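Asker: pasted the sequence and its predicted model underneath.
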Amino acid sequence: MTRDLPGDRTEPYDVTSPLDTDYYAVFADVSGADREAWNRARTLVGEVSGRMAEAWDRAEYPLEVVPRMGELDLYADGIEHPEITPMTPLAAGLVNMELSRGDGSLGTILAVQGGLALRTLALYGSPEQQQRWLTPLATGQVLGAFALTEPMHGSDSTSLETTARRDGADWVISGGKKWIGNGASGGITFVWARIDDATDPDHGKVGCFLVEQDTPGYRASVIEGKVSLRAIHQAHIQLDDVRVPDDARLPGAHSFADTSRVLFATRSGVAWSALGHATACYEAALSYATQRVQFGKPLAKFQMVQERLTQMLADLTGMQLFCRRLADIEAAGALRPTQASLAKYHNTRTARRIAQTARDVLGGNGILLENRVIQHLADIEAIHTYEGTESVQALLIGRDVTGISAFV
C-alpha cells in the first residue's frame, strides 16, 4: 500500500472548460442561425476534444473527424452557392473561432476543406465538376486540398513554377507543391499551375486543375517533424507529368487574381482563428489563477497576476472588436482585402502575446499538453505564417495607406 508522502500531492485543474469571455458584450446579440452554427461548432469540440489532444501528441490525423464536421454542416464558411447552406460572415467567423478555441488543427481542417477547397470549386468549377464534387466536399466524404505554395515559393507564390502543358486533348502538369493540407489524404487536390499553351488566352497566367490524388504521377508525402498543428497532415507533393483531361481544368480560374480571391476570404478566417486560440489561453490562465494556491493563497490574489490577466483581457477584447467589425463590413459587401489583412496582422500578433503570458501564469504546468496552453502557443505560430506572413500583410497595408509599394 502506497502511503502519502509530504508534499507529494497533485491537484487537478480545470483549465479547458469554456468561460464565454465577452467583457464588452461583443457577441451578446448573436442569435438565430448564427448562434446555432456557433453551438454546432461547440458540440463538435465537446465530442472530439480528447481525441484531438491525443492525435496532436502523436502527430496523427484523425480522419474520422472530417465527415463529422460535414454532418454538422460546418464547412459552409460563408460560401455563396445554391447548394451550400447560407452562413453569414459572423456565423462563419464564430465557427472558426470556436473550433480553434478547442483545437487549432480543427480550425485548419475547416480552413483547408471549406475555406480553400470547397470555396475554389464553388467559385470556379464547371457545373459538371460541382455536380460531382461539391456535396462530397461539403459533407467531408471526400477530402479536398488547395495546392498553391511551392518549396521555393511561399510568400512569392505569384512566381509559382508548376506548369500545365497542353498535350492534345489533355493537360500535363509538372511541378512541386509544399505545405498542402489534405494533400496526402486520398482525396482531390486543386492544383494551381501556369498555363503553357501559346494558343490559350490564359497562356503564361495561372489556372487551376482538379486532380484526383490517385492519378498516376501524383506523389505526396506527409511532412514530418512539425511542432505546430500536429493533428492535421500537410504534404509535399510532386507532380511528375500528371496527365488530366481538359475537363479537369476549372473554367472560372484565369489568373492569380482568382487565387487571391480565395486567399482573401480565408484571411478573415485566420483572424477569427487567432481569436479562438487567444480565448482558450486567456480562460486557461484565469481558471488556473483562481484554482492554483501558492504561498497560502490563490494566484489570483497576487497583484502581478491580476495585472497580467487585465492585460490579456484588454488584448482579447480588442481582438473581438476587430473580428466583429470585420464581419459587419463583410456582411455589407464593403470589405477590402487590406482590411482583412489588418485583422490578420493584428490578431495573430496579439494571440502570440496572450499565449506567452498565459503560459507564464501557469508556470511549469503551462508546458503540459493536458493544460493545452503550450499547444495553442505552438499552433499560433503556424497561423501567424500561413495565408500571408506578417511581413507580407504589413507591406499590403503599407501600400494601401501610403500609395507606395515597398515590394521588391
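Answerer: Perfect, I can see it now.

Asker: residues touching Arg352, list them.
Answerer: Neighbouring residues of Arg352 by Cβ atoms under 8 Å, 6 or more residues apart in numbering: Leu377, Ile380, Glu381, His384. C-beta here means a position set from N, CA and C on the backbone, and glycine is covered the same way.

Asker: low-confidence stretches in the stretch 101-250 of the chain?
Answerer: Applying pLDDT under 70 to the stretch 101-250 of the chain picks out no residues at all.

Asker: related to what we said a few turns ago, which one (most neighbours) among the contacts of Arg352?
Answerer: Greatest neighbour count in these, by other Cβ atoms under 10 Å, goes to Ile380: 29 neighbours.

Asker: next one: that residue from Asn347, what distance?
Answerer: The spacing between Ile380 and Asn347, counted by Cβ to Cβ, to the nearest Å, is 10 Å.

Asker: and the pLDDT for Met1?
Answerer: In this model, Met1 is scored at 62, pLDDT.

Asker: repeat for Ala300
Answerer: The per-residue pLDDT reported for Ala300 equals 97.

Asker: next: Leu263.
Answerer: Leu263 is given a pLDDT of 88.

Asker: what strand or helix carries the nearest residue to it once chain neighbours are set aside?
Answerer: Among residues not flanking Leu263 along the chain, Glu387 sits closest, at 6.1 Å (Cβ to Cβ, 6 or more residues apart in numbering). Following DSSP states H and E, there is no helix or strand that holds Glu387.

Asker: and the strands in the stretch 251-400 of the chain?
Answerer: Under the criterion DSSP state E, counting those that start in this stretch, the stretch 251-400 of the chain contains strands at 293-294, 297-298.

Asker: state the mean pLDDT of the first one.
Answerer: Strand 293-294 shows an average pLDDT of 94 in the prediction.

Asker: which residues sit against that strand?
Answerer: For strand 293-294, the external contacting residues (Cβ under 8 Å, 6+ apart) are Glu11, Leu299.

Asker: any idea how far it is from the chain center?
Answerer: Here strand 293-294 is found 37 Å from its chain centre; the criterion is Cα atoms, centre = their mean, to the nearest Å.

Asker: so what strands line up beside it?
Answerer: Sheet pairing of strand 293-294 (DSSP bridges) gives strand 297-298 (antiparallel).

Asker: what residues does the strand it pairs with touch?
Answerer: Contacts for strand 297-298 (Cβ under 8 Å, 6+ apart): Ala289, Thr290, Gln291, Arg292.

Asker: show me the residues around Gln234 that make contact.
Answerer: Taking Cβ under 8 Å, 6+ apart as the criterion, Gln234 is in contact with Lys178, Trp179, Ile180, Gly181, Gly183, Val222, Ile223, Lys226.

Asker: tally of neighbours for the nearest residue to Leu396 once chain neighbours are set aside?
Answerer: Closest residue to Leu396 apart from its sequence neighbours, by Cβ to Cβ, 6+ apart: Ser341 at 4.9 Å. Per other Cβ under 10 Å, the neighbour tally for Ser341 reads 23.

Asker: ok, Asn371 next?
Answerer: Neighbours around Asn371, by other Cβ under 10 Å: 21.

Asker: kindly report the same for Ser228.
Answerer: Here the number of neighbours of Ser228 (other Cβ under 10 Å) works out to 18.
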